[in-house]
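Engineer: need a 3D model of the sequence below.
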Amino acid sequence: MSAHAVYAPLRALASFGSGALFGVGLALSHMTDPLRVLGFLDVAGDWDARLIAVIAGAVLVSALLFALARRRGKPQWSERFHLPDSDVIDHRLLLGAIIFGAGWGLAGYCPGPAIASLAYFNNEALWLVPAMLAGSALRQWQLRGR
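Structural biologist: Purely as a prediction, here's the structure:
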């Protein structure tokens, strides 16, 4: 039996646990409230700066864990770490960031909080998440056609 087959259930469990912890963190920090997020993005109006702590905490935890990951030889339940291979900032990356930011600013949701909002049966998320998944599937279909 391959290592991939042995590790698959452990990876799935770790992924589920990480996702659940992330969703709980989003809910506790009110990142699932689009009005709070839009208030944070409204720097020229009635700015709500409370999400700075959430973002700073996320950056700190990510930086520490990426540093730890680089020191280890390999992960516990995989053959290798799946870290970005490129640090190139090109037009495709910038365009994607602009589209992502515009969608976040218009809807008040980014993908993580939108998915977490499904737990509340949020009407907006019930429309947004399927549309987001359809857009992702369309992109994957487009990439396979190349």
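
Engineer: okay, now Ala116: neighbour count?
Structural biologist: Burial measure for Ala116: 22 neighbouring residues, criterion other CB atoms under 10 Å. Placement of C-beta: from N, CA and C, glycine included.

Engineer: and for Tyr7?
Structural biologist: Number of residues near Tyr7 (other CB under 10 Å) recorded here: 16.

Engineer: element containing it?
Structural biologist: In this assignment (DSSP states H and E), Tyr7 forms part of helix 3-28.

Engineer: show me what that helix is packed against.
Structural biologist: With contacts defined as 3 or more CB pairs under 8 Å, 6 or more residues apart in numbering; DSSP states H and E, helix 3-28 has these neighbours: helix 111-117.

Engineer: residues in contact with the spatially most central residue of the chain?
Structural biologist: Closest residue to the average C-alpha location of the chain: Gly112 at 4.9 Å, with CA atoms, centre = their mean. Neighbouring residues of Gly112 by CB atoms under 8 Å, 6 or more residues apart in numbering: 22-23, 26, 31.

Engineer: got it, and Pro111?
Structural biologist: Residues near Pro111 by CB under 8 Å, 6+ apart: Met132.

Engineer: what do you get if the cut-off is 10 Å, keeping everything else the same?
Structural biologist: 100, 103-104, 128-129, 132-133, 136 (CB atoms under 10 Å, 6 or more residues apart in numbering).

Engineer: which among the residues you listed gets closest to Phe40?
Structural biologist: Proximity of the contacts of Pro111 to Phe40 (CB to CB) peaks at Trp104, which lies at 10.4 Å.

Engineer: many thanks, I have nothing further to ask.
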